[in-house]
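*Asks:* Got a predicted model here, sequence first, then my questions.
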Amino acid sequence: MDVTGNMRTSEANTGLKMCTPTCSSNGTHSDGYTGAFEGPEKLLEMWFAATPESAQHISQGTQRCSEEDQDAYSELRSGLRRVPRAIWREMLDLVHCQVLSTLCNEHLDSYLLSESSFFVYPHKLVLKTCGTTTLLYAVPRILEIAAEFLGAPGVRQLFYSRKNFMFPGQQEELHRSWASEVAYLDGLFPDGAAYLIGKTNNDHWHLYMSGPHAPHASVAGQQWSADATLDNSAAGSPVASSAELSRSSSRATIHSVHDVAPAPAARTDVTVEILMTGLDPERMHSMYLGGASSKEGPAGGRAVERATGIADIYPDAASDSYLFTPCGFSLNGVQGDGYYTIHVTPEQHCSYASFETNIANDARFDLRDPAAIKSLVEQVVAVFGPRKVTVTVFKACAAAPAARQLAEYALPLGAHPPLSVKERLAKVAQQLAADMAPPSLAPIDGYRLHDRVLYEFDHYGLRYAYYQRAD
């Protein structure tokens, strides 16, 4: 355990065959490196309960950590965090990636993978894999695991997203096209909805959501409404029936209209994702073995963090990083109940880097503040010097707590100094407007903003922006 109270575990001696995620193999399990590695990740997030507390409430509570899983947080784990690591490894075999190391604290378990990252909370999980991994094949198995260890009858909500692939023809058949991925997910979730955001003939972003909340969307000032339904009882759908949903991680956030208390500040539901291509070759020298370090693994990873300025992004977080042979870098970081993750493919002809965070308790980067998001994006971009940048920002719209406050302020309650009913109503209306405002994206120094897209869903806002370097 390190001085921050986070538990690290290396998987290097487990006998697993480690795959290098860049250069030496074509995405984990194909025969030989073809000269083109697919950096853009497939990103899956599955929610089985609204909060960690509700996960603990519905959990069967009979499973115990195996001897392999015993650590300082064994007694604090609940819900999905009580799934033995051997079972998670078996699930990851379906995806064709392996665990390199783990980083744990009292809130979540972080798994650094041979191909990106895996995060487990009591009530949700986030799985992010690159290369030619077969991520969606894990969905049925995850549903089985959640039923066994959490007692969940189905998923509350599923989110799957990815940037457009550089080399789609090298993917396994399921992931070769967005249409095939959507068809597969529709077979599991009949109420699902698929979106393509951005230019179809340039960089763009795909999103699939299951669950009962249909969106209302607007793009560049044009507005339309989708047919909304709260009925998720379609035959064969493994979506748990519930009107209460709450989401706060790498995808959107949905709060139930039945919520009666504001979420604490530590759970502010804002997530920033930064996807970069055309990385600066000089800065990428550090991402090769022999650049910042001649040591593969965690020691090399730490050297890369220091040499590139990555360590300065979240200096108070605990990080777990890895430098691969002959090139490539991955990092997971945890801070409180949030995480951040970085993955880099440095080869010039297919260079790519991703950064994602939902850390809401950092003094410098308050993700509720557009100025702080601009500062964060600029600091991350400065590390990699990309030619093209895609940014997505999700922000929860805490309408229900504000509506509750509205009712309270409408009553002649005591105040010091006392406020009139009109003043109370004005105060809550101001707070409601702030809560419901979508996240905003400002220009990035040195880049031109080409695409701006806003989606306004029932209980959260999504901003998408695409930038190109100005030179």
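*Replies:* All right, it came through fine. Quick caveat: nothing in here was measured; it's all calculated off a predicted structure.
*Asks:* hey, where'd the helices end up in the stretch 251-400 of the chain?
*Replies:* 281-284, 298-308, 370-384, 399-409 (DSSP state H, counting those that start in this stretch).
*Asks:* which residues does Ala292 contact?
*Replies:* Ser286, Gly300, Ala303, Val304, Arg306, Ala307, Thr308, Leu323 (C-beta atoms under 8 Å, 6 or more residues apart in numbering). C-beta here means a position set from N, CA and C on the backbone, and glycine is covered the same way.
*Asks:* ok, of those residues, which come out buried?
*Replies:* Neighbour-count burial (16 or more other C-beta atoms under 10 Å) is assigned, among the contacts of Ala292, to Ser286, Gly300, Ala303, Val304, Ala307, Thr308, Leu323.
*Asks:* I'd like those residues as CSV, with distance to Asp191 and pLDDT appended.
*Replies:* Output for these, formatted as CSV (distance: C-beta to C-beta, whole Å; pLDDT from 0 to 100):
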residue, distance to Asp191, pLDDT
Ser286, 46, 96
Gly300, 45, 97
Ala303, 48, 97
Val304, 43, 97
Ala307, 48, 97
Thr308, 43, 97
Leu323, 43, 96
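*Asks:* Domain boundaries for this protein, per the record?
*Replies:* 19-24+36-226+241-397+437-469, 400-431 (automatic domain parsing).
*Asks:* Of these, which stretch is the most buried?
*Replies:* Neighbour counts averaged per stretch over the domains of the chain are highest for domain 19-24+36-226+241-397+437-469, at a mean of 20; criterion: mean count of other C-beta atoms under 10 Å.
*Asks:* where in the stretch 151-300 of the chain is pLDDT low?
*Replies:* Regions of the stretch 151-300 of the chain meeting the criterion pLDDT under 70 cover residues 211-268.
*Asks:* Strands along that one, start to end?
*Replies:* 157-163, 193-198, 204-209, 216-219, 222-225, 270-277 (DSSP state E, counting those that start in this stretch).
*Asks:* Neighbouring strands - and their directions - for the last one?
*Replies:* Strand 270-277 pairs in its sheet with strand 352-357 (antiparallel), strand 388-396 (antiparallel), by DSSP bridges.
*Asks:* what angle sits between that strand and strand 157-163?
*Replies:* Between strand 270-277 and strand 157-163, the angle comes out at 30 degrees (axes from the mean of the first three to the mean of the last three C-alpha atoms, to 10 degrees).
*Asks:* got the angle between strand 270-277 and helix 370-384?
*Replies:* Between strand 270-277 and helix 370-384, the angle comes out at 30 degrees (the same axes, to 10 degrees).
*Asks:* could you dump the helices of the stretch 251-400 of the chain to JSON lines with distance to Tyr352?
*Replies:* Below are these laid out as JSON lines (distance: least, C-beta to C-beta, whole Å):
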{"stretch": "helix 281-284", "distance to Tyr352": "11"}
{"stretch": "helix 298-308", "distance to Tyr352": "16"}
{"stretch": "helix 370-384", "distance to Tyr352": "9"}
{"stretch": "helix 399-409", "distance to Tyr352": "37"}
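*Asks:* Of all those helices, which one comes closest to Lys124?
*Replies:* Of all these, it is helix 399-409 that lies closest to Lys124, at 19.8 Å by C-beta to C-beta.
*Asks:* sorry, back to before: which one of the buried ones among the contacts of Ala292 sits closest to Val83?
*Replies:* Leu323 (29.2 Å).
*Asks:* Leaving out chain neighbours, which residue sits closest to that closest one?
*Replies:* Once flanking residues are discounted, Leu323 sits nearest to Gly300: 3.0 Å by C-beta to C-beta, 6 or more residues apart in numbering.
*Asks:* My guess is the one you found contacts Leu289. True?
*Replies:* Yes - Gly300 is in contact with Leu289 according to C-beta atoms under 8 Å; the separation is 6.8 Å.
*Asks:* Give me the common contacts of those two.
*Replies:* With C-beta under 8 Å, 6+ apart as the test, Gly300 and Leu289 both reach Leu323.
*Asks:* which secondary structure element contains Leu462?
*Replies:* Using DSSP states H and E, Leu462 sits within strand 460-469.
*Asks:* Indicate each strand paired with that strand and its parallel or antiparallel sense.
*Replies:* Going by DSSP bridges, the partners of strand 460-469 are strand 388-396 (antiparallel), strand 447-456 (antiparallel).
*Asks:* Among those strands, which comes closest to Arg463?
*Replies:* Nearest to Arg463, of those and by C-beta to C-beta, is strand 388-396 at 4.6 Å.
*Asks:* Send me that closest one as CSV with only the CA atoms.
*Replies:* Output of strand 388-396 as CSV, limited to C-alpha atoms (Å, rounded to 0.1, in the frame of the first residue of the first chain):
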residue,chain,number,x,y,z
LYS,A,388,-6.8,16.6,-34.2
VAL,A,389,-8.8,16.6,-30.9
THR,A,390,-12.2,15.3,-30.1
VAL,A,391,-13.7,16.4,-26.7
THR,A,392,-16.9,15.1,-25.1
VAL,A,393,-18.3,16.5,-21.8
PHE,A,394,-21.2,15.0,-20.0
LYS,A,395,-23.0,16.9,-17.2
ALA,A,396,-25.8,15.8,-15.0
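*Asks:* Quick one: mean pLDDT over it.
*Replies:* Average pLDDT, strand 388-396: 87.
*Asks:* Just want the angle from that strand to strand 193-198.
*Replies:* In terms of direction (the same axes, to 10 degrees), strand 388-396 departs from strand 193-198 by 140 degrees.
*Asks:* quick one on the thing from earlier: show me the contacts for the residue nearest to Leu323.
*Replies:* Gly300 touches Leu289, Ala292, Ser293, Ser294, Tyr322, Leu323, counting by C-beta under 8 Å, 6+ apart.
*Asks:* which two in the residues you listed are spaced the farthest apart?
*Replies:* Ser294 and Tyr322 (14.6 Å).
*Asks:* Compare the helices of the stretch 251-400 of the chain and say which comes out lowest on pLDDT.
*Replies:* helix 399-409 - the lowest mean pLDDT of those, at a mean of 49.
*Asks:* Doesn't Met46 lie inside a strand?
*Replies:* Yes - assessed by DSSP: H, G, I helix; E, B strand; the rest coil, Met46 belongs to a strand.
*Asks:* Going forward, the N-terminal residue is numbered 7.
*Replies:* Will do, 7 is the new start, and the previous item becomes Met52.
*Asks:* does it really touch Lys130, like I thought?
*Replies:* Yes - in this structure, Met52 is within contact of Lys130 by C-beta under 8 Å, at 6.5 Å.
*Asks:* now Leu164: how far from Thr138?
*Replies:* Distance, Leu164 to Thr138, by C-beta to C-beta, to the nearest Å: 22 Å.
*Asks:* Apologies, that question was intended for Glu121.
*Replies:* As judged by C-beta to C-beta, Glu121 and Thr138 stand 9 Å apart.
*Asks:* do Gly391 as well
*Replies:* In this view, Gly391 and Thr138 are 27 Å apart by C-beta to C-beta.
*Asks:* contacting residues for Ser216?
*Replies:* If you count contacts by C-beta under 8 Å, 6+ apart, then Ser216 has Val161, Gln163, Leu164, Leu191, Leu194, Phe195, Asp197, Gly198, Ala199, Ser243, Val245 around it.
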